[in-house]
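Participant: Sequence and predicted structure, then a few things I'm wondering about:
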Amino acid sequence: MKNFGIAFLAGLLGYAILAALSYYLLGKFSSNGHDRGVEASMTCIFVYGPIGFIIAFIVGYLWARS
């Protein structure tokens, strides 16, 4: 249970970091003109954030087991 808790916290941290980084990058480099902010926020919350959670969860779980 301790390993899962550490992995979950690592996943939340990974979600936040990757979502913030992708929001900045999409806002900076998006070619969309009229709704750049909406595109960046939705993509970060529903695409890059969960990817960051999954990767950080796996890494956190493996790190906690060792």
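Facilitator: Structure received. Numbers count the residues shown, from 1 in each chain.

Participant: my read: Tyr23 touches Glu39, true?
Facilitator: No: with contact defined as C-beta atoms under 8 Å, Tyr23 does not reach Glu39; the gap is 10.3 Å. Quick note: C-beta positions are derived from backbone N, CA and C, even for glycine.

Participant: Which one of the two is surrounded by more residues?
Facilitator: Set Tyr23 next to Glu39 and count neighbours by other C-beta atoms under 10 Å: Tyr23 wins out with 18 against 15.

Participant: where does that one sit relative to Ile55, distance-wise?
Facilitator: Going from Tyr23 to Ile55 by C-beta to C-beta, to the nearest Å gives 17 Å.

Participant: cool, Ser41 as well?
Facilitator: Ser41 sits 21 Å away from Ile55, taking C-beta to C-beta as the criterion.

Participant: same thing with Ser22?
Facilitator: With C-beta to C-beta as the criterion, Ser22 and Ile55 are 13 Å apart.

Participant: Leu26 too?
Facilitator: In terms of C-beta to C-beta, Leu26 sits 18 Å off from Ile55.

Participant: And these two? Which one has more around it.
Facilitator: Leu26 (20 against 15).

Participant: Might you report the residue contacts of the more buried one?
Facilitator: By C-beta atoms under 8 Å, 6 or more residues apart in numbering, the contact set of Leu26 is 36, 39-40, 43-44.
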